[in-house]
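Engineer: Predicted structure and sequence below. I'll ask about it afterward.
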Amino acid sequence: IRALLQNGKQSAADKYCHDLIAKDPDNARWINTVGYICFDAFDFEAAAKHFERCCELDPNDPYNVVDLAMVYCELNRLDDALRITQQVLDAHPNFISAQYRMARILEYQEKYAQ
């Protein structure tokens with residue numbers, strides 16, 4: 001899948017992921033990959049749907065939550081992004097991806113002092 005994406009073949013990667021999801025509908029990794037394909041195509045609603053599903057399947061994976069927060073920012077759901085990112089940071093205070101996402105959320109909200 002990575003090779004397909006790196007060579008600009010998003011539709012082929014998307015089809016391949018959907019084939020894998022059809023065989024294993026609870027595989028958060030493939031669902032997350034489809035979320036990124038949607039995100040890269042600026043289909044933020046679809047990306048959110050996939051990242052939300054990943055969080056349902058594996059709520060303890062902080063990467064899934066940070067990915068969801070990323071798309072919430074694009075959907076201007078900053079309060080939701082802030083809330084879930086803070087939850088990750090409460091559980092994993094040194095998680096760099098969550099720290100970065102929090103900084104971006106605060107930047108979007110123009111809360112530079114924080």
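Structural biologist: On my side now, so go ahead.
Engineer: tell me the helices in the protein, going along the chain?
Structural biologist: Ranges of helices in the chain, per DSSP state H, are 2-6, 10-23, 28-40, 44-57, 62-74, 78-91, 96-108.
Engineer: tell me the contacts of the most centrally placed residue in the chain?
Structural biologist: Centroid-nearest residue in the chain, with Cα atoms, centre = their mean: residue 67, separated by 2.1 Å. Taking Cβ atoms under 8 Å, 6 or more residues apart in numbering, we find residue 67 in contact with 32, 35-36, 51, 54. In short, each C-beta sits where N, CA and C put it, glycine included.
Engineer: at 10 Å what do you get?
Structural biologist: Taking Cβ atoms under 10 Å, 6 or more residues apart in numbering as the definition of contact, the neighbours of residue 67 are 32, 35-36, 39, 47-48, 50-52, 54-55, 61, 97, 101.
Engineer: what does residue 112 give?
Structural biologist: Contacts for residue 112 were tallied using Cβ under 10 Å, 6+ apart; they are 103, 106.
Engineer: That one and residue 99, how far apart?
Structural biologist: Look at residue 112 and residue 99: by Cβ to Cβ, to the nearest Å, they are 16 Å apart.
Engineer: From what I see, residue 40 and residue 5 are in contact.
Structural biologist: Yes: using Cβ atoms under 10 Å as the test, residue 40 is close enough to residue 5 to be in contact (8.2 Å).
Engineer: the more surrounded of these two?
Structural biologist: Of the pair residue 40 and residue 5, residue 5 is the one with more neighbours under other Cβ atoms under 10 Å, namely 16 against 11.
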